[in-house]
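Undergrad: Let me see the structure of the following:
(one chain, ligands or ions: 1)
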Amino acid sequence: MCHFKTILLLVFSLTLSVSAISQGNNYVQNYKKFEGLALTPPMGWNSWNKFACNVDEKMIREIADAMVATGMKDAGYTYINIDDCWHGDRDSLGFIHEDPKRFPSGMKALADYIHAKGLKFGIYSDAGSQTCGGRPGSRGYEFQDAKTYASWDVDYVKYDWCNTEGLKAEGAYKTFTAAIRQAGRPMVLSICEWGTDKPWTWGQSVGHLWRTTGDIFNCFDCVEDHGTWKSWGVMKIADKQEGLRQYAGPGHWNDPDMLEVGNGMVVNEDRAHFSIWTMLAAPLIAGNDLRKMSKETVQVLTNKEVIAVNQDKLGIQGFRHSSKDGIETWLKPLSNGNWAICFLNRSEQPQTVEFKWKDNPITDDLSKMELNTNKVTYKVRNLWTKKDVGTTKKDFKTVIPKHDVTMLLLTK
Ligand code: GLA
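TA: Reported below is the predicted structural model:
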């Protein structure tokens, strides 16, 4: 009898170990990001720039409503992203929950509301022990959190970098890539590591966009000193993009941070900010209160012809071609051999810009694309006045107000 029991036990444990082996090696992590997402720079809205920690489900629903009603959705904006401070506590098993006071209906219900409008839903976490706003971070809970987000039908995760003592960025972000993979739901991964560890050199296989700088500040050309850290005006951020364009392309973008359009700069500055972000093939994530926009703000954010430059399917990041006396000339190669050109007046007074096409043949070293009006005549369209303004047979001349742009589309 005793002998029989031993045999039974042996057979049982053998079956167990055989079935374990046949299940394969479950503890290998798969660091492959979901491909096929963000093939053009992501467009949407995020709560941080305007609302900081003051987020709740009522406001987010109203923003989703406004996204549709104002024509933003129609112009291409898709993601409604809640930034920091949505969090409640972890439960005894470690699962994260939303703040029950701010989100009484729960995140899944909010996601359903957003999806029913044909929009997508994004959320925020942090690779460290706590978020920048002091809420629970994902460190040690990565797989659990990704699983929770998947169960809420999240489409986009912005993953921040506060309180990451001892962590190395590439590895920490890869853990989250593996967590998303394991959760099984394609989610855009927005790497928010502020450019500290050169995410452009490793981010392409890990996520879909990566912040290149510290936080944006709502001013044209200032630096805001917070003591232990600084935030940057839009021109300062634009300057920091130098040398990064080779790293961007479909599915992997340099992210110069979310838009400040509609948050208080004058309309010329908003227009310049928006234009440069489109030239940079930057993600266009609005950061203002979509429920209370002036006509000018709507016009800037929903200019479809300017957005088309940003969303061009080749996904080639534009570049600063020249800079003289406060006037910069930016160029972006587009599909079908077309180009966008943007004259930016950074100076403190209006300036006359004259551009002699024939004297300025341009070859882009990166894309090898050529803009040579001695060989090809282009039609010229002013994308902000929405007027055709002739061809490159004639030199271009215009007056640009201070802190403003003239943005042209050149078509073959
Ligand atoms: C960091 C990020 C910001 C924002 C805040 C939230 O500063 O860079 O974009 O997410 O944290 O606390």
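
Undergrad: and Arg320, helix, strand or coil?
TA: For Arg320, the assignment made with DSSP: H, G, I helix; E, B strand; the rest coil gives strand.

Undergrad: So which bits of this protein are right by the ligand?
TA: When proximity is defined by CB under 6 Å from any ligand atom, the chain lies next to the ligand at Trp48, Asp83, Asp84, Thr131, Cys132, Gly133, Asp160, Cys192, Asp215. Glycine gets a C-beta too; all of them are placed from N, C-alpha and C.

Undergrad: Can you get me a residue count around the fourth one?
TA: Burial measure for Thr131: 24 neighbouring residues, criterion other CB atoms under 10 Å.

Undergrad: How about the fifth one?
TA: Residue crowding around Cys132 was assessed by other CB under 10 Å; the count is 20.

Undergrad: show me what contacts it?
TA: Asp84, Asp126, Asp160, Cys162, Asn163 (CB atoms under 8 Å, 6 or more residues apart in numbering).

Undergrad: In contact with the residue of the stretch 301-412 of the chain found nearest the ligand, which residues?
TA: Distances between the stretch 301-412 of the chain and the ligand by CB to the nearest ligand atom are smallest at Leu301, namely 19.0 Å. Applying CB under 8 Å, 6+ apart, we find Leu301 in contact with Met72, Ala75, Tyr77, Leu259, Val261, Gly262, Phe274, Ala286, Met293.

Undergrad: now those residues as a markdown table including secondary structure and pLDDT?
TA: What follows is these, written out as a markdown table (DSSP: H, G, I helix; E, B strand; the rest coil; pLDDT from 0 to 100):
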| residue | secondary structure | pLDDT |
| --- | --- | --- |
| Met72 | helix | 98 |
| Ala75 | helix | 99 |
| Tyr77 | coil | 99 |
| Leu259 | coil | 99 |
| Val261 | coil | 99 |
| Gly262 | coil | 98 |
| Phe274 | helix | 99 |
| Ala286 | strand | 99 |
| Met293 | coil | 98 |
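
Undergrad: Sort out which one of the residues you listed lies nearest Trp339 for me.
TA: When the contacts of Leu301 are ranked by distance to Trp339 (CB to CB), Phe274 comes first, at 18.6 Å.

Undergrad: Can you give me every residue that contacts the residue nearest the centre of the chain?
TA: For the chain, the residue sitting closest to the mean C-alpha position, by CA atoms, centre = their mean, is Pro283 at 3.8 Å. Going by CB under 8 Å, 6+ apart, Pro283 touches Ala38, Pro41, Pro42, Met43, Ser190, Leu209, Trp253, Asp255, Met258.

Undergrad: Closest one of those residues to Val376?
TA: Nearest to Val376 among those, with distances taken as CB to CB, is Pro41, at 27.3 Å.

Undergrad: Next, find the distance separating that closest one from the ligand.
TA: Using CB to the nearest ligand atom, to the nearest Å, we find Pro41 at a distance of 17 Å from the ligand.

Undergrad: and that residue, what are its phi and psi?
TA: Here the main-chain torsion angles of Pro41 (degrees, to the nearest 10) amount to phi -60, psi 130.
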